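S.K.: No sequence on hand, only this structure:
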DNA sequence: GTTAGCACTCTCCGCCCGAGAGTGCTAACC
DNA sequence: GGTTAGCACTCTCGGGCGGAGAGTGCTAAC
């Protein structure tokens, strides 16, 4: 992409700002009237024409103002977005909310979703944190009167997995508890492969259990949208571009599609903790997201557990504010987790 | 409400059936043409007029056919709905899916949400099962390098709760594990009050832990929409009555409102396991749900753990099919849980 | 390079009108 | 007395029309 002149960049930024506010195409007169650049409307028209040819603006009808193209938003986010921070009173409010919920791990995720939805005025997505490499910590077996057993596996970092199994024969709770204690003693601190290697000395029951444990741990290792919270879907419907509910429906549907979420979250998780990714208009990969953008980030305590969070909203989104909110919440949750898990 | 004649009931049922199918107001000619009752359109008009005066039908414009009122739907559901069952091949398919997921407790809830959404073509809600009266089973303490400790509480029935806490001083993992084992030994099988009563002999650390455990258990006792899954929201948007997205937005927003969900689920949980509740048009209680209906049921193994599930869709909903689906899924999950927990 | 002026092109909105659908009423019918 | 045919009336929906408003691109002058 060629360089734009400073004036062209100013005009692009103003059009995006104005369009994000109003949702209506912007004409040269409007721009002049509202911001009074030191030039005439004709000059602005010339520059707008140039920006249109460069593919950064779009003209829906011959006589109906310009709107930014996806390429225009990308240029804006990449080059023109001034790094903003959330106002400090908002930051204080958010951090206070997290402080109050610090005891309830499950609540963090819900709170993060709620805060992101509120501050970005769009839909938010937050996965529960999970270990990048599951480390076994503890096994609990809960028997019933029959041959059904509930297996509770606690992983390092507090990730808890439950699995139901039916044994070939019934065992007493005493036998189950002893077996669980033996396995816990032998396998604590090991990863999936390490646990599998400990199977040797055990009875048939023990070996079967260890097989299941490694299975569960390998599932936990995979990037998973298993425990995903979201909030603020109704915010997205509030935007006029989703008034004809068909596009809204497509976007909503995508959010219920596991394969899509996995892909998105994998993308969010690919860079390091702290960096924020912006995906504008689906970037060609997701046709259904043509009118949507996502702002994604990874959070967590490196080496212990990480998760992904982000915001999904219309392409016409206040990127500055949203990026600040995502960055701040991701940072806050990372700090909390480092404090919690790493001492 | 006065009695209707048999012919009036037939006409009401046909109008509801036809309106649910097409979404358009039904006139006397349409009804005659499509079902050829043994009478003329004028007679049907007279009966429709009577039904309108009885408050069961509504006329939007002087010349635009009739639609059922909420009262009309209620009469239909209460008196006229022939008890249908899901086709046996659909039942077989659903039960097969649950059978495949029988090992993964968390998956049941997701699967139930997905099945309900699909078969009712509306939005579904399913809570994870939880004990109606929490019974303590096991405590696990997971220390970090600092004074932070993750407390994992396993309740009877496999309900697992996590709680983070900061101790006044740091303890070794060994001390934590011993304390956890002592508390587990002393309190296993007791309810919240029973656990609290065991605090006496313990050290300060132990008493603090027991205080927290009872707090968590009392929270678990409350009806809670804590772990709620839903699916099929996009189905609701597909209906033409939600084309102007404002009503859709209100409904969606309600689904993100905790207090509303708590209320709804409490309602669903009030009758016994197995019975299906139908709430039409919010029944006056929820203004935002004016165009929506809910079909709710309770599932679970009595005395062990129960949960709630249901469907939210437009008032113009295929009640027969939806009620069958809700009843079947609730029954299936109850059976699974009885089998799993009660042996 | 910038600006004023101007003709041109769209969309949007209100308006009218005819077609279509459905009703209520009345009077006749069994 | 319930049922039916006939008829005048009402109301919505969709298409066509036209003016107002907004914005553009071009040209010629600065």
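M.R.: Thanks, I have the structure now. What you see is a predicted model; the values in this text were computed from it and never measured.
S.K.: Not counting sequence-adjacent ones, nearest residue to the most centrally placed residue in chain A?
M.R.: For chain A, the residue nearest the mean C-alpha position is residue A:309 (2.5 Å; C-alpha atoms, centre = their mean). Spatial nearest neighbour of residue A:309, chain neighbours left out: residue A:126 (4.3 Å); criterion: C-beta to C-beta, 6 or more residues apart in numbering or on different chains. C-beta here means a position set from N, CA and C on the backbone, and glycine is covered the same way.
S.K.: before we move on, back to that, what's the helix or strand for the residue nearest to the centre of chain A?
M.R.: strand A:305-314 (DSSP states H and E).
S.K.: Just list the residues touching the residue nearest to residue A:309, thanks.
M.R.: If you count contacts by C-beta atoms under 8 Å, 6 or more residues apart in numbering or on different chains, residue A:126 has them with A:109, A:110, A:112, A:113, A:116, A:228, A:229, A:230, A:307, A:308, A:309, A:310.
S.K.: now do residue A:279
M.R.: Listed by C-beta under 8 Å, 6+ apart, the contact set of residue A:279 reads A:264, A:267, A:293, A:294, A:295, A:296.
S.K.: So it: helix, strand or coil?
M.R.: Using DSSP: H, G, I helix; E, B strand; the rest coil as the criterion, the local structure at residue A:279 reads strand.
S.K.: Can you name the residues bridging to it?
M.R.: residue A:294 (DSSP bridges).
S.K.: Could I get the pLDDT score of it?
M.R.: With respect to pLDDT, residue A:279 scores 92.
S.K.: Low-confidence stretches in the stretch 151-300 of chain A?
M.R.: Within the stretch 151-300 of chain A, the stretches falling below the threshold (pLDDT under 70) are A:223-226, A:244-245.
S.K.: Helices of that one, residue ranges please.
M.R.: Using DSSP state H, counting those that start in this stretch, the helices of the stretch 151-300 of chain A run over A:173-187, A:192-197, A:204-221, A:233-238, A:245-255, A:258-269.
S.K.: and those as JSON lines, adding mean neighbour count and distance to DNA strand D?
M.R.: Output for these, formatted as JSON lines (neighbours: other C-beta atoms under 10 Å in any protein chain shown; distance: least, C-beta to the nearest atom of the strand, whole Å):
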{"stretch": "helix A:173-187", "mean neighbour count": "17", "distance to DNA strand D": "66"}
{"stretch": "helix A:192-197", "mean neighbour count": "16", "distance to DNA strand D": "60"}
{"stretch": "helix A:204-221", "mean neighbour count": "18", "distance to DNA strand D": "52"}
{"stretch": "helix A:233-238", "mean neighbour count": "22", "distance to DNA strand D": "23"}
{"stretch": "helix A:245-255", "mean neighbour count": "20", "distance to DNA strand D": "17"}
{"stretch": "helix A:258-269", "mean neighbour count": "18", "distance to DNA strand D": "35"}
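S.K.: Tell me which of those helices sits nearest to residue B:197.
M.R.: With respect to residue B:197, and counting by C-beta to C-beta, the nearest of those is helix A:173-187 at 23.0 Å.
S.K.: Against which helices or strands is that closest one packed?
M.R.: With contacts defined as 3 or more C-beta pairs under 8 Å, 6 or more residues apart in numbering or on different chains; DSSP states H and E, the packing partners of helix A:173-187 are strand A:136-143, helix A:204-221.
S.K.: Out of these, which is closest to residue B:148?
M.R.: So among the helices and strands packed on helix A:173-187, strand A:136-143 is nearest, using C-beta to C-beta, at 15.2 Å.
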